[in-house]
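Engineer: sequence-free structure coming up:
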């Protein structure tokens with residue numbers, strides 16, 4: 001063995017050194033190292049995919065040191081930790097986000113260019129992680145970003161779906177679902193951690209026994225077991241050395257196959273158990289219209305919370321043996337009702353595995369959880385058939401009965417609860433078929449419950465959960481949703497971000513209230529012109545995308561009017577279509593109608609089994625085909641539906657929008673976050689007084705937003721008094737009648753008078769048991785049209801429009817997810833930020 005001199009560096013030391021270096025040379029060497037030794041390729045053989053992976057791994061090398069330092073610091077400082085449980089995390093592409101957050105963007109572009117690689121082409125290879133569907137998942141991703149940026153010790157927990165929800169393609173105007181194979185070529189940001197696998201149990205039966213103290217106890221036996229394998233994704237704070245963790249669970253059979261059966265030649269049966277187990281993490285939101293789908297979805301929920309709670313308790317018991325300390329060291333946030341089984345699971349662990357008395361375990365459990373409610377729609381408040389729960393999770397069902405019995409006894413004694421109040425608040429819904437009401441369990445088992453916008457929180461306090469609010473004064477609070485400006489401005493709209501930084505500095509990236517300083521440029525013509533040019537640049541980018549995807553040419557001088565969100569009747573994409581058809585009729589009558597040209601852009605997925613939402617997608621596409629090919633209207637309106645809406649597509653659409661459609665039925669949208677993203681990028685909102693639209697109006701001022709339609713209390717009164725008759729609006733308004741009659745005239749369906757008849761009937765008479773026009777489109781139609789006419793007039797006043805844009809951008813400080821996370825930390829979690837000291 002040859003001794004090395006003190007000033008010599010071994011190959012291993014050199015490798016370790018350049019993998020940490022934040023220099024262009026260090027990054028270059030790392031990329032080459034991964035290309036040659038991880039991908040086993042020479043440069044002349046390397047594909048774009050090899051180059052992309054090598055780049056990602058080189059970036060990840062620089063994250064790992066900070067990641068390890070962060071976790072080590074949390075242990076040494078004995079930090080209280082936050083665990084954010086969500087069935088969805090809509091992360092988007094991470095490569096640019098990670099480069100920006102560790103301040104390597106410019107150096108990486110330089111290195112990649114010097115290699116002769118196409119930087120834009122490489123970053124577009126990354127698939128959006130198929131871990132979510134809509135706002136719920138994107139909110140969770142924004143919150144993880146903010147937790148890391150603010151320095152809170154936070155962990156996300158969810159499921160590593162193999163196929164995500166689905167890829168949406170449009171065939172003959174219809175939505176068609178295809179598998180979302182986002183993991184086909186691997187995912188360079190994740191690290192598999194099989195050493196932290198957990199065993200999750202299902203089915204089985206209970207055996208009663210008595211412990212050494214004569215105490216009655218239960219064993220859960222004869223269960224089927226599934227392994228939960230953790231995959232960790234680093235969540236990087238913005239330039240602060242904090243790297244938190246998103247841990248996702250993948251399902252794996254506890255036995256690969258039955259060898260006896262295999263050796264007897266029945267190979268298919270031998271792997272049956274393996275496939276059955278691993279189905280749990282295959283797909284996000286399986287169709288639960290059938291029993292097997294319901295069972296699989298309930299399995300998913302328990303699988304992920306059981307693995308998570310076991311993991312949390314593993315981490316906790318490494319440092320503590322006093323379970324009274326659990327609420328002081330652990331805060332668990334339930335993102336909607338999907339993770340609610342975490343409550344009885346923690347009870348099971350404390351009572352069955354650590355032998356705590358039931359009352360003590362409940363005291364600890366109910367101090368540990370917080371619950372975020374995201375919906376006012378009754379059908380979205382989860383209920384599970386009791387028989388299904390009993391069969392799948394017999395011990396948890398027993399614990400839920402015990403929790404419910406204790407709770408109902410308490411409210412009868414302390415609040416003189418009536419029978420009707422008991423029925424309303426009980427976790428068990430009685431009737432022909434019994435159900436377990438997950439929202440009730442979440443409320444009873446949490447120390448705080450929050451709504452996600454001012455109006456939403458008032459509705460859940462005073463209407464949906466009014467009785468709970470009476471017996472739990474102070475438990476219900478509001479924390480309005482937020483978005484991360486790092487993703488939705490700095491990354492998505494770099495030219496606008498650059499202009500803002502040039503004018504007021506870059507502190508806005510960590511304090512969005514700084515944007516108010518932009519208001520001093522309100523009368524600066526040069527600044528306003530720069531705003532206009534940036535918007536035009538972003539519209540050109542979107543127009544190019546549409547041209548490439550659909551061969552439709554958009555007029556970038558037209559008003560880009562965008563409605564991009566999950567397809568649902570209450571979000572009222574249909575109202576938007578009715579207005580477009582009215583505009584089309586006006587132009588047919590008078591092709592020289594003096595209006596500013598308009599481009600209407602839709603994007604969003606429907607649930608696979610949602611007939612009406614899928615029919616509305618077909619209607620949008622048929623409307624697009626009719627209007628875009630009618631030469632009589634002189635291209636004054638265009639309609640496009642962009643398939644497969646995801647974070648990456650949103651980052652192209654949102655910066656280009658002039659008008660943001662936030663037109664849900666008042667009282668139905670909990671908050672929305674698309675409204676915030678659009679306003680932050682300078683789009684003006686047309687919306688109802690619903691969700692966070694109300695707070696946006698308060699922040700930007702009445703004169704900088706377009707509000708229309710019935711208020712939530714007016715709709716509530718119409719429902720209570722049964723005074724709403726949509727046919728009256730149809731009969732009294734010729735414009736509306738003409739549009740609705742198009743649904744059954746065949747004009748929109750190549751002569752087929754029945755294709756869109758269900759939409760016509762749903763609005764005027766009700767369809768398949770629903771009440772007529774249950775989302776009040778016809779009541780709001782006229783006001784909506786008039787508001788659009790005002791928008792068209794205002795757009796022509798360029799100076800006025802640009803000032804309104806500026807007021808929207810400058811007044812978005814309140815809507816940062818940083819503000820929201822600080823509120824969670826103060827009001828619910830009681831955690832403090834931890835500074836990570838790291839020296840390169």
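Structural biologist: Looks like it arrived, so ask away. What you see is a predicted model; the values in this text were computed from it and never measured.

Engineer: Three-state assignment for residue 773, please.
Structural biologist: Here residue 773 is coil, with the state taken from DSSP: H, G, I helix; E, B strand; the rest coil.

Engineer: which residue sits closest to it, ignoring its sequence neighbours?
Structural biologist: residue 726 (3.8 Å; C-beta to C-beta, 6 or more residues apart in numbering). The way it works is simple: take the backbone N, C-alpha and C, and place the C-beta from them, glycine included.

Engineer: Hmm, that neighbour is touching residue 763, no?
Structural biologist: Yes - at 6.0 Å, residue 726 counts as touching residue 763 under the criterion of C-beta atoms under 8 Å.

Engineer: Now do the shared contacts for these two.
Structural biologist: 772-773, 777-778 (C-beta atoms under 8 Å, 6 or more residues apart in numbering).

Engineer: So how do I select the buried members of these in ChimeraX?
Structural biologist: A single ChimeraX command is used to select the members of the shared contacts of residue 726 and residue 763 judged buried by 16 or more other C-beta atoms under 10 Å:
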select :772,773,777,778
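
Engineer: Looking at the shared contacts of residue 726 and residue 763, which one is closest to residue 79?
Structural biologist: Among the shared contacts of residue 726 and residue 763, residue 777 lies closest to residue 79 (C-beta to C-beta), at 50.4 Å.

Engineer: Please determine how far that closest one is located from residue 718.
Structural biologist: Distance of residue 777 to residue 718, given as C-beta to C-beta, to the nearest Å: 13 Å.

Engineer: Now do the same for the residue nearest the centre of the chain: helix, strand or coil?
Structural biologist: Nearest residue to the geometric centre of the chain (C-alpha atoms, centre = their mean): residue 137, 1.9 Å. What three-state DSSP gives for residue 137 is helix.

Engineer: Correct me if wrong: it contacts residue 90.
Structural biologist: Yes - the pair residue 137 / residue 90 is scored as a contact, 3.5 Å apart, by C-beta under 8 Å.

Engineer: ok, back up a step: check the residue nearest to residue 773 and give its pLDDT.
Structural biologist: Note on residue 726: pLDDT of 97.

Engineer: What of residue 839?
Structural biologist: 80.

Engineer: ok, now residue 164?
Structural biologist: With respect to pLDDT, residue 164 has a value of 87.

Engineer: do residue 668 as well
Structural biologist: 94.

Engineer: and it, what is it in contact with?
Structural biologist: So residue 668 contacts 376-377, 570, 690, 775 (C-beta under 8 Å, 6+ apart).

Engineer: can you pick the most crowded of the residues you listed?
Structural biologist: Using other C-beta atoms under 10 Å as the neighbour criterion, residue 690 leads these with 29 neighbours.

Engineer: which regions of this structure lie under the pLDDT threshold?
Structural biologist: For the chain, applying pLDDT under 70 flags the ranges 1-16, 255-274, 286-290.

Engineer: Give the burial count for the residue nearest to residue 773, as a bare number.
Structural biologist: 23.

Engineer: Could you count how many residues lie near residue 394?
Structural biologist: 18.

Engineer: Could you measure from it over to residue 474?
Structural biologist: Taken as C-beta to C-beta, the span from residue 394 to residue 474 is 35 Å.

Engineer: Grab the nearest non-local neighbour of residue 644.
Structural biologist: Going by C-beta to C-beta, 6+ apart, residue 644 has residue 168 as its nearest residue, at 4.6 Å.

Engineer: Show me what counts as buried in the helix or strand the one you found falls within.
Structural biologist: Per DSSP states H and E, residue 168 falls inside strand 167-171. Buried residues in strand 167-171, defined by neighbour count with 16+ other C-beta under 10 Å: 167-168, 170.

Engineer: Go through stretch 534-550 and flag the buried ones.
Structural biologist: For stretch 534-550, using 16+ other C-beta under 10 Å, the buried residues are 534-535, 538-539, 542-543, 545-546, 550.

Engineer: Surely residue 250 forms part of a strand?
Structural biologist: Yes - residue state for residue 250 (three-state DSSP) corresponds to a strand.

Engineer: who's in contact with it?
Structural biologist: Contacts for residue 250 (C-beta under 8 Å, 6+ apart) come out as 159-160, 162, 228-231, 281.

Engineer: could I get the residues you listed as JSON lines with distance to residue 800?
Structural biologist: Below are these laid out as JSON lines (distance: C-beta to C-beta, whole Å):
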{"residue": "159", "distance to residue 800": "48"}
{"residue": "160", "distance to residue 800": "49"}
{"residue": "162", "distance to residue 800": "51"}
{"residue": "228", "distance to residue 800": "57"}
{"residue": "229", "distance to residue 800": "57"}
{"residue": "230", "distance to residue 800": "54"}
{"residue": "231", "distance to residue 800": "51"}
{"residue": "281", "distance to residue 800": "52"}
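
Engineer: just to revisit the earlier point, can you tell me how far the residue nearest to the centre of the chain is from residue 88?
Structural biologist: Counting by C-beta to C-beta - residue 137 and residue 88 are separated by 3 Å.

Engineer: tell me, what's touching those two both at once?
Structural biologist: residue 131.

Engineer: Direction included, what does the longest strand anywhere in the chain pair against?
Structural biologist: When the chain is parsed with DSSP state E, its longest strand is strand 224-236. When pairing is defined by DSSP bridges, strand 224-236 lines up against strand 191-192 (antiparallel), strand 198-202 (antiparallel), strand 243-253 (antiparallel).

Engineer: Tell me which of these is the most buried.
Structural biologist: strand 243-253 (a mean of 23; mean count of other C-beta atoms under 10 Å).

Engineer: Downstream of the helix or strand where residue 18 lies, the next helix or strand is which one?
Structural biologist: Taking DSSP H and E as the definition, one finds residue 18 inside helix 11-20. Remark: after helix 11-20, the chain's next helix or strand is helix 24-33, criterion DSSP H and E.

Engineer: Give the other helices and strands that that next one contacts.
Structural biologist: In terms of contact count using 3 or more C-beta pairs under 8 Å, 6 or more residues apart in numbering; DSSP states H and E, helix 24-33 is assigned the packing partners helix 11-20, helix 48-76, helix 105-115.

Engineer: want to throw those into a markdown table with mean neighbour count?
Structural biologist: Output for these, formatted as a markdown table (neighbours: other C-beta atoms under 10 Å):
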| stretch | mean neighbour count |
| --- | --- |
| helix 11-20 | 13 |
| helix 48-76 | 19 |
| helix 105-115 | 16 |
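
Engineer: which stretch among these comes nearest residue 32?
Structural biologist: Nearest of the helices and strands packed on helix 24-33 (C-beta to C-beta): helix 48-76, 7.7 Å.

Engineer: How far off centre is that closest one?
Structural biologist: Averaging C-alpha positions (C-alpha atoms, centre = their mean, to the nearest Å) puts helix 48-76 25 Å from its chain's average.

Engineer: can you give me the angle that helix makes with helix 24-33?
Structural biologist: 120 degrees (axes from the mean of the first three to the mean of the last three C-alpha atoms, to 10 degrees).

Engineer: tally of neighbours for residue 523?
Structural biologist: By other C-beta under 10 Å, neighbour count at residue 523 equals 9.

Engineer: Tell me both backbone torsions, phi and psi, for residue 599.
Structural biologist: phi -120, psi 120 (degrees, to the nearest 10).
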